[in-house]
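Undergrad: have a look at this prediction, sequence included:
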Amino acid sequence: MKPPPFAYHDPSTLEEAIALLSSLPNARPLAGGQSMMPMLNMRFAQPDHLVDLNRIAGMDGVTVESDGALLIGAMARQRVLENHADVARRCPLMTEALAQVGHRQTRNRGTIGGSLCHLDPAAELPLVAAAMEAVVRVAGPGGLRDIAFADFAQGYMTPGIEAEELLVAVRIPAQPAGAGSCFLEYARRHGDFAIASVAVMLVPDAAGRIAQARVALGGVGAVPLRLPEAEDALRGADDVTGAVAATKSLEPMEDALVPAWYRRHLAGVLLGRALTIAQSRMGRA
């Protein structure tokens, strides 16, 4: 399979890239290429222009902000984040999730911004962003603007960003002290797209009960799903098993290989396991 014809552009500044996206018809940005190139080869994407972002300096850094949050450049490679000490310390959920992203070869090239903008329903990083209540920063002709990830994920592989805008960074709040988190997924083989996945974070109170909870599911809907019923059931609880019942009302996607009932069942099994593990991790330094 070969991609359709396109014109290739190689800007060296963010301003130049935005100008190209604003002026060229049917233009698409190219980050790590781990999703874009297969889509081109299979003719799922047929842009007339590709704007390569890889020569733009300053879009791949990781900064710890004054409140402990991580500000991660959109072009940060997944493999770099997987091994980054600040990411492991302040967002262990992301470190755990990254180990499930494709294979090492794809993580060497894949970027966090590319994954968030591609918004595959089974992708790991959008699920982490949903669970951590991330904020994405985009740049366009009008300057910079911040978008809560809950508003950014608008639909199936549809980010809330204009055609002439670029995602330039994502802000991940730091995991609270004493919190426990866990990321689990199930795929037919390691590196395949997840049939279902779950990201959870539990914050304890002084007595060791659950004071705050974040529960997000991937693979079951068009976008990562927060599960407020499960979060409500967990607040003030000593036991996590009651929250699993919230998955019974899910109406998951289905396809030729995976029926909806199986995804629903799998989401409940994974959620129960993840909550048990997260609870066991609460209170660790």
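TA: Here it is on my side, so go on.

Undergrad: can you give me the helices in the stretch 101-250 of the chain?
TA: Using DSSP state H, counting those that start in this stretch, the helices found in the stretch 101-250 of the chain span residues 104-109, 112-118, 124-131, 149-152, 228-234.

Undergrad: just put the ones you listed in TSV and tack on mean pLDDT.
TA: Listed next are the helices of the stretch 101-250 of the chain as TSV, based on pLDDT from 0 to 100:
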stretch	mean pLDDT
helix 104-109	95
helix 112-118	97
helix 124-131	98
helix 149-152	97
helix 228-234	96
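
Undergrad: distance to residue 168 added to these, as JSON lines?
TA: All C-beta atoms are positioned from the backbone trio N, CA, C, and that covers glycine. Formatted as JSON lines, those follow (distance: least, CB to CB, whole Å):
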{"stretch": "helix 104-109", "distance to residue 168": "19"}
{"stretch": "helix 112-118", "distance to residue 168": "8"}
{"stretch": "helix 124-131", "distance to residue 168": "15"}
{"stretch": "helix 149-152", "distance to residue 168": "13"}
{"stretch": "helix 228-234", "distance to residue 168": "30"}
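
Undergrad: longest helix in this structure, by number of residues?
TA: helix 260-281 (DSSP state H).

Undergrad: extract the C-alpha set from that one and format it as CSV.
TA: Extracted in CSV, the C-alpha atoms of helix 260-281 (Å, rounded to 0.1, in the frame of the first residue of the first chain):
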residue,chain,number,x,y,z
ALA,A,260,-20.9,-4.9,23.4
TRP,A,261,-21.7,-7.3,26.2
TYR,A,262,-18.1,-8.5,26.2
ARG,A,263,-16.7,-5.0,26.5
ARG,A,264,-19.1,-4.2,29.3
HIS,A,265,-18.1,-7.4,31.2
LEU,A,266,-14.4,-6.7,30.6
ALA,A,267,-14.7,-3.1,31.8
GLY,A,268,-16.2,-4.3,35.1
VAL,A,269,-13.5,-6.9,35.6
LEU,A,270,-10.7,-4.5,34.8
LEU,A,271,-12.2,-1.7,37.0
GLY,A,272,-12.4,-4.1,40.0
ARG,A,273,-8.8,-5.1,39.6
ALA,A,274,-7.6,-1.5,39.0
LEU,A,275,-9.4,-0.2,42.1
THR,A,276,-8.0,-2.9,44.3
ILE,A,277,-4.5,-2.2,43.1
ALA,A,278,-4.9,1.6,43.5
GLN,A,279,-6.3,1.2,47.0
SER,A,280,-3.3,-0.9,47.9
ARG,A,281,-1.0,1.9,46.7
